[in-house]
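Peer 1: Just a sequence and a predicted model for now, questions to come.
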Amino acid sequence: MSPPTGGKYKESGTARVLGSGTSGIAELLVFHPVDTIAKRLMSNKSTKVSLSTLSPIIFRDYATAPLFKRFLSLFPGLGYAAGYKVSQRIYKFGGQPWFNDIIVRNYKDKFSAVFGERNGKLMMQATAGSLTGIGEVVLLPLDVLKIKRQVNPEAFRGRGIVKIVMEENFALYRGWGWTMARNAPGSFALFGASAVTKDYVLGIKDYSKATWTENFIASIAGAVASITVAAPLDTIKTRIQNANFETKVHGTTVIKDLLRTEGVSALFKGLTPKILVVGPKLVFSYTLAQSLIPFFGQYV
């Protein structure tokens with residue numbers, strides 16, 4: 001997929017929505033089972049995990065079922081995941097350029113004065129990513145519902161989404177502070193590392209003209225950096241969110257219990273699987289969004 005050619009390219013809001021939304025749909029269809037596996041591994045509190053115990057952790061009640069049924073068991077909460085993932089990707093990959101436009105328009109001189117013109121451009125990209133990550137908390141209820149369906153379906157007790165929203169209200173925003181604390185550095189690293197790779201490694205000055213291969217390389221750097229930086233807070237956030245609705249679990253309690261019973265290394269539980277399998281999910285969607293946004297920009 002070739003980027004636009006010619007003079008200075010200006011992304012339209014429509015192109016950003018179409019490009020990022022399409023990447024979210026594609027990611028959901030390909031990677032939802034992978035996301036379920038990672039969430040269940042992060043929620044597992046056992047200190048001894050072996051090949052013999054992996055199947056019950058990953059497939060739950062379907063651990064001994066036929067292969068096809070085990071595979072289907074990795075698609076719980078697909079409806080919630082669709083609502084969350086598509087909205088999240090539109091917001092994240094379409095919103096970051098919007099935040100960046102605002103920063104460039106109002107604060108470019110200040111960033112250049114502090115970091116220099118070249119590094120200032122990179123810092124503006126990273127800062128825009130961080131602001132986008134913080135604002136992502138508005139989508140938290142959909143994320144909470146998705147995670148509970150993946151790792152704690154008993155929390156629903158036969159209730160539909162409308163009834164849950166009416167009964168739980170702000171309980172769906174449980175863990176919002178930890179979500180913002182995770183998203184801020186994670187998104188900073190994602191967009192910052194990607195920009196650094198494009199600028200310093202690939203020598204690209206106009207990011208919208210990067211080829212699919214260049215976007216892919218930059219996305220790998222951004223994804224690995226983002227996942228690693230956010231891993232400890234991501235584990236805490238997931239454990240807060242996968243509890244029953246009526247259970248109020250504070251982040252400090254989760255940290256204390258985790259450190260006491262599982263050790264410091266538990267903060268990075270699931271990091272290797274996330275980099276190996278969830279990492280490609282982020283690389284896939286980010287690469288696709290970066291390529292599709294300028295592609296759609298040629299027509300809308």
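Peer 2: Nice, thanks for sending it over.
Peer 1: quick one, strands of the stretch 1-150 of the chain?
Peer 2: Taking DSSP state E, counting those that start in this stretch as the criterion, the stretch 1-150 of the chain contains no strands.
Peer 1: what sits against Gly24?
Peer 2: 85-90, 285 (Cβ atoms under 8 Å, 6 or more residues apart in numbering). Any C-beta I mention is one placed from the backbone N, CA and C, and that applies to glycine too.
Peer 1: again with Leu202
Peer 2: By Cβ under 8 Å, 6+ apart, the contact set of Leu202 is 210, 214, 217-218.
Peer 1: returning to that earlier point: least confident of the contacts of Gly24?
Peer 2: Lowest pLDDT of the contacts of Gly24: Lys85, 79.
Peer 1: Just give the number of residues close to the nearest residue to that one once chain neighbours are set aside.
Peer 2: Nearest residue to Lys85, sequence neighbours excluded (Cβ to Cβ, 6 or more residues apart in numbering): Leu28, at 4.7 Å. The tally of other residues near Leu28 (other Cβ atoms under 10 Å) stands at 20.
Peer 1: coming back round to it: which of the contacts of Leu202 has the most neighbours?
Peer 2: Within these, Ala218 tops the neighbour count with 27 neighbours, counted by other Cβ under 10 Å.
Peer 1: Could you measure from it over to Val224?
Peer 2: Noted for Ala218: a distance of 11 Å to Val224, by Cβ to Cβ, to the nearest Å.
Peer 1: Gly24 now?
Peer 2: For Gly24, the distance to Val224 equals 21 Å [Cβ to Cβ].
Peer 1: now do Phe188
Peer 2: Phe188 is 14 Å from Val224, by Cβ to Cβ.
Peer 1: The stretch 151-300 of the chain: helices as residue ranges?
Peer 2: 161-168, 176-196, 212-241, 251-261, 271-273, 279-297 (DSSP state H, counting those that start in this stretch).
Peer 1: Nearest to Thr47, out of the ones you listed?
Peer 2: helix 251-261 (7.3 Å; Cβ to Cβ).
Peer 1: helices and strands around that closest one, which ones?
Peer 2: If contacts are counted by 3 or more Cβ pairs under 8 Å, 6 or more residues apart in numbering; DSSP states H and E, helix 251-261 sits against helix 212-241.
Peer 1: tell me the angle the helix it packs on makes with helix 251-261.
Peer 2: Calculated by axes from the mean of the first three to the mean of the last three Cα atoms, to 10 degrees, helix 212-241 forms an angle of 90 degrees with helix 251-261.
Peer 1: Okay, buried residues for helix 212-241 please.
Peer 2: Neighbour-count burial for helix 212-241, with 16 or more other Cβ atoms under 10 Å as criterion, is recorded at 212, 214-241.
Peer 1: Could you do stretch 29-48 as well?
Peer 2: 31-44.
Peer 1: cool, stretch 98-113 as well?
Peer 2: Within stretch 98-113, judged by 16+ other Cβ under 10 Å, the buried ones are 98-100, 103, 111-112.
Peer 1: where in the stretch 201-300 of the chain is pLDDT low?
Peer 2: Low-confidence segments of the stretch 201-300 of the chain (pLDDT under 70): 241-249, 277.
Peer 1: redo that, cut-off 50
Peer 2: Within the stretch 201-300 of the chain, no stretch has pLDDT under 50.
Peer 1: For this structure, give the helix that spans the most residues.
Peer 2: Counting residues, the longest helix found in the chain (DSSP state H) is helix 78-115.
Peer 1: Glu214 against Val201, yeah?
Peer 2: No - contact criterion Cβ atoms under 8 Å: Glu214 and Val201 do not qualify, at 9.4 Å.
Peer 1: got the contact list for the nearest residue to Ala189 once chain neighbours are set aside?
Peer 2: When the adjacent residues along the chain are set aside, Ala189 lies closest to Ala225, with 4.0 Å between them (Cβ to Cβ, 6+ apart). Contact analysis of Ala225 by Cβ under 8 Å, 6+ apart lists 189-190, 192-193.
Peer 1: In contact with Val300: list those residues for me.
Peer 2: Taking Cβ under 8 Å, 6+ apart as the test, what Val300 contacts is 12, 14-15, 18.
Peer 1: Okay, and which of those residues map to helices?
Peer 2: Per DSSP H, the subset of the contacts of Val300 in helices is 14-15, 18.
Peer 1: hang on, the earlier thing: adding distance to Ser130 as columns, could you present the helices of the stretch 151-300 of the chain in a markdown table?
Peer 2: Formatted as a markdown table, the helices of the stretch 151-300 of the chain follow (distance: least, Cβ to Cβ, whole Å):
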| stretch | distance to Ser130 |
| --- | --- |
| helix 161-168 | 29 |
| helix 176-196 | 4 |
| helix 212-241 | 11 |
| helix 251-261 | 20 |
| helix 271-273 | 21 |
| helix 279-297 | 16 |
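Peer 1: Nice, that's everything, thank you.
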